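Enquirer: Please work out how this folds:
(2 chains)
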There are 2 protein chains.
Amino acid sequence: MSPSDPLASWNDGNTKRSILDFVESVSTAGSNDYVPINERIAVFDNDGTIWCEQPVPVQVFFMGDRIKALAPQHPEWQRTEPFKSILVGDLKTALATGIKGVAELGMATHAGMSTDEFNQTVHDWLATARHPKLNRLFTEVIYQPMLEVLTYLRSRGFATFIVSGGGAEFMRTFAESAYGIPPHQVIGSTVKTRFEFRRGKTLLMRDGQLDFFDDKAGKPVSINKYIGRRPIACFGNSDGDREMLMWTTVGRNDQRPSLGLIVHHTDGEREFVYDRQHILSGELDKVLSDAPGYGWILADMKRDWSVVFPTAARSAQGTA
Amino acid sequence: MSPSDPLASWNDGNTKRSILDFVESVSTAGSNDYVPINERIAVFDNDGTIWCEQPVPVQVFFMGDRIKALAPQHPEWQRTEPFKSILVGDLKTALATGIKGVAELGMATHAGMSTDEFNQTVHDWLATARHPKLNRLFTEVIYQPMLEVLTYLRSRGFATFIVSGGGAEFMRTFAESAYGIPPHQVIGSTVKTRFEFRRGKTLLMRDGQLDFFDDKAGKPVSINKYIGRRPIACFGNSDGDREMLMWTTVGRNDQRPSLGLIVHHTDGEREFVYDRQHILSGELDKVLSDAPGYGWILADMKRDWSVVFPTAARSAQGTA
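Expert: Below you'll find the model as predicted:
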């Protein structure tokens, strides 16, 4: 590993080699696989691909804390699920209904305020909230090797986008400082908003209504809607990323070279181990079966990553 | 006008001065009005702001030609409005129902095909179709002074976006080559699409259903959804741009400096004269009344622009 290694936290091996070979071949003038700079688009899932999504996605921790903060104004929550379980700290029961329970939490905690107010609330929460097991700020449970992939791709002319089931406005509060990805390159689930002009202020009010759920077959739809071009590289970690992996790598009319990579969570010591089991976020079943046939690369966290989380944050944790 | 004048096609005067002063002040380190580079977002309406929208928007000419091309497969169109009038060349009657008639044309001509097929169809049409009065390719009825504003803003660190009621996928076929604006910075109206995997090909099929109509109060909504940040400069020409002008310049919580500019169509010799009359596209009534109070600048086409269309294209026209 040389000092100028763009993927310094990746152990030498086939996975690292495949990333380097792909990026060099598409970005080197004269190469058979050369792709013009404006077509170098890379898309990344967020939860479980760039940052930790266990035991539940970070946004669910946020919702839980919001429920607790808002509970005094909602005495009815003491008797109504999923709020009741959240308030006694039982996240597991609260989320037993899966995505439906999460959606109810989201609507209760994310709606009825302006976009400016919502952004401020998320911003303030992220400044202090910590991951319960990893004991770091949530903005520090991001994967150092994936940060290196992002930086490396951009250094070779790629535009990097997040395409996540998470809330777009939630992610935009930290994606620029944590990942170097500006708000307009963060694509996610959205709620409906409404323009208002009130007491001299222009506002966008967040309604309690889902606009778009950016998961599974919704991901190629939103890639087309927001980016308007097929990516040539796609990074995911779960069945929610299957269709965008296909959209990137399978049966393209333009015959462009492409890369599909899956982060496989195999490291129970440094992070979490999961794949095929039925879980709220991160189930990797179909994609694991499809990977060999479609040539998708499995990044084995335990084997391929010499470091999981950023070192600076780790030493900060040591002194906390 | 010096050779290095970034706005060479703008006549000297208050309008040009206002643009230069604003851009210099927000992009010069140490200035009181300095705005960090990642917040320098500029949004542009398209029809009537960057290219000609009279006698009808370019996309309506496209729809008309598609109707004619598809007519042999649709004998019923000979008896059904708005198709019947289109087929006898009477655009005026066809569009008498306003946006409703246009939407019907759009659904009939833009749906039921893949996004790849649609893009190819638009691309092929734009290669040869000409504006009936101006006798230029439609990609040449773009305003040279506005191209200079786009280039100038980008040279001072701005990200430039289109925010138009026109179809996003229609505009993306030419915005990069004509305006230097990549597909992911083109925001417009969208139809619903559906991911399909068919005979080894991945496709997005365009359904006959509107997803979002990007006009009026929809513009700040889509700016927030796609860009995730308030612009500091907004360029429009009609009442359809009123809410995005307000979102950019009125009652911001962050107190950023901002610029709102309106292209006023006053030149019947070189282009078209219109503002308050009721027309399909480009009605400028409320915004004209609001402009002085909100400090929006009126760019008077006849007075402020020394050139309207790009010169290279003009000489090409001369030899055509």
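Enquirer: What are the boundaries of the strands in chain A?
Expert: Applying DSSP state E to chain A gives strands spanning A:41-44, A:159-167, A:186-198, A:201-212, A:233-236, A:259-266, A:273-274, A:297-300.
Enquirer: Quick check: residues of the stretch 201-320 of chain A near chain B?
Expert: Within the stretch 201-320 of chain A, the residues that sit near chain B (C-beta under 8 Å from any C-beta of the partner chain) are A:201-202, A:204, A:211, A:217, A:220-221, A:224-229, A:243, A:246-247, A:250-253. To be clear about C-beta, it is placed using only N, CA and C from the backbone, and glycine gets the same treatment.
Enquirer: Just the buried ones out of these, please.
Expert: A:202, A:204, A:211, A:217, A:220-221, A:224-229, A:243, A:246-247, A:250, A:252 (16 or more other C-beta atoms under 10 Å in any protein chain shown).
Enquirer: thinking again about what came up before, next, format the strands of chain A as JSON lines and append mean pLDDT.
Expert: Below are these laid out as JSON lines (pLDDT from 0 to 100):
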{"stretch": "strand A:41-44", "mean pLDDT": "99"}
{"stretch": "strand A:159-167", "mean pLDDT": "97"}
{"stretch": "strand A:186-198", "mean pLDDT": "96"}
{"stretch": "strand A:201-212", "mean pLDDT": "92"}
{"stretch": "strand A:233-236", "mean pLDDT": "98"}
{"stretch": "strand A:259-266", "mean pLDDT": "98"}
{"stretch": "strand A:273-274", "mean pLDDT": "98"}
{"stretch": "strand A:297-300", "mean pLDDT": "98"}
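Enquirer: Smallest gap between the stretch 1-150 of chain A and chain B, at which residue?
Expert: Using C-beta to the nearest C-beta, the closest approach of the stretch 1-150 of chain A to chain B is made by A:Asp116 at 5.3 Å.
Enquirer: in the stretch 51-200 of chain A, which spans are helices?
Expert: Ranges of helices in the stretch 51-200 of chain A, per DSSP state H, counting those that start in this stretch, are A:58-70, A:83-87, A:91-94, A:99-110, A:115-126, A:144-155, A:168-172, A:175-179.
Enquirer: okay, the first one in CSV with CA atoms only?
Expert: Only the C-alpha atoms of helix A:58-70 are listed here, as CSV (Å, rounded to 0.1, in the frame of the first residue of the first chain):
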residue,chain,number,x,y,z
VAL,A,58,-30.0,6.2,11.7
GLN,A,59,-33.1,8.0,10.7
VAL,A,60,-35.2,5.6,12.9
PHE,A,61,-33.1,6.6,15.9
PHE,A,62,-33.9,10.2,15.0
MET,A,63,-37.6,9.4,14.8
GLY,A,64,-37.4,7.7,18.2
ASP,A,65,-35.8,10.7,19.8
ARG,A,66,-38.3,13.0,18.2
ILE,A,67,-41.2,10.9,19.5
LYS,A,68,-39.7,11.2,23.0
ALA,A,69,-39.3,15.0,22.6
LEU,A,70,-42.8,15.5,21.3
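Enquirer: Could you tell me the angle between it and helix A:115-126?
Expert: 100 degrees (axes from the mean of the first three to the mean of the last three C-alpha atoms, to 10 degrees).
Enquirer: Which elements pack onto helix A:58-70?
Expert: Applying 3 or more C-beta pairs under 8 Å, 6 or more residues apart in numbering or on different chains; DSSP states H and E, we find helix A:58-70 packed against helix A:83-87, helix A:91-94, helix A:99-110, helix A:115-126.
Enquirer: Check the shortest one too.
Expert: Counting contacts by 3+ C-beta pairs under 8 Å, 6+ apart, helix A:91-94 is packed against helix A:58-70, helix A:83-87.
Enquirer: residues of the longest one that come out buried?
Expert: Right, helix A:58-70. For helix A:58-70, by 16+ other C-beta under 10 Å, it's A:58-64, A:66-67.
Enquirer: how far away is A:Pro57 from B:Trp10?
Expert: Per C-beta to C-beta, to the nearest Å, A:Pro57 is found 51 Å from B:Trp10.
Enquirer: nope, A:Glu283 is what I was after
Expert: 57 Å.
Enquirer: Of these two, which one has the most company?
Expert: B:Trp10 (25 against 19; other C-beta atoms under 10 Å in any protein chain shown).
Enquirer: Now for the residue nearest to the spatial centre of chain A: which residues touch it?
Expert: Nearest to the geometric centre of chain A sits A:Asn46, at 1.0 Å (C-alpha atoms, centre = their mean). Contacts for A:Asn46 (C-beta atoms under 8 Å, 6 or more residues apart in numbering or on different chains) come out as A:162, A:164, A:166, A:171, A:188.
Enquirer: So which of those wins on neighbours?
Expert: Top of the contacts of A:Asn46 by neighbour count (other C-beta under 10 Å): A:Ser164, with 31 neighbours.
Enquirer: Wait, that one touches A:Gly188, no?
Expert: Yes. Under the criterion of C-beta atoms under 8 Å, A:Ser164 makes contact with A:Gly188 at 4.7 Å.
Enquirer: Can you check which residues contact both of these two?
Expert: Joint contacts of A:Ser164 and A:Gly188 (C-beta under 8 Å, 6+ apart) are A:46, A:171, A:214.
Enquirer: Flag whichever of those scores worst on pLDDT.
Expert: Among the shared contacts of A:Ser164 and A:Gly188, A:Asp214 carries the weakest pLDDT, at 93.
Enquirer: what about the closest residue in space to A:Tyr152 that isn't next to it in sequence, neighbour count?
Expert: Excluding its sequence neighbours, the residue lying closest to A:Tyr152 (C-beta to C-beta, 6 or more residues apart in numbering or on different chains) is A:Pro6, at 4.0 Å. A:Pro6: 16 surrounding residues under other C-beta under 10 Å.
Enquirer: Next one: A:Pro6 relative to A:Ile19, how far apart?
Expert: From A:Pro6 to A:Ile19 the distance is 9 Å (C-beta to C-beta).
Enquirer: again with A:Ile187
Expert: The value you get for A:Ile187 to A:Ile19, if C-beta to C-beta is used, is 22 Å.
Enquirer: of all of the stretch 201-320 of chain A, which residue lies closest to chain B?
Expert: A:Gly228 (3.1 Å).
Enquirer: That residue touches B:Arg172, doesn't it?
Expert: Yes. The criterion here is C-beta under 8 Å, and A:Gly228 meets it with B:Arg172 at 4.6 Å.
Enquirer: so what sits against both of these two?
Expert: B:183, B:186.
Enquirer: show me where pLDDT drops low in chain A?
Expert: By pLDDT under 70, the low-scoring segments of chain A are A:1-3, A:312-320.
Enquirer: Tell me which entries of the residues of the stretch 201-320 of chain A next to chain B lie within helices.
Expert: Using DSSP state H, A:220-221, A:243, A:246-247 are the members of those that sit in helices.
Enquirer: what's the farthest-apart pair in those?
Expert: Within these, A:Val221 and A:Met246 form the most distant pair, 12.7 Å apart (C-beta to C-beta).
Enquirer: give the contact list for the nearest residue to A:Asp241 once chain neighbours are set aside.
Expert: Using C-beta to C-beta, 6+ apart and skipping residues adjacent in sequence, the residue nearest A:Asp241 is A:Asp45, 4.9 Å away. A:Asp45 makes contacts with A:162-164, A:235-238, A:240-241, A:244, as judged by C-beta under 8 Å, 6+ apart.
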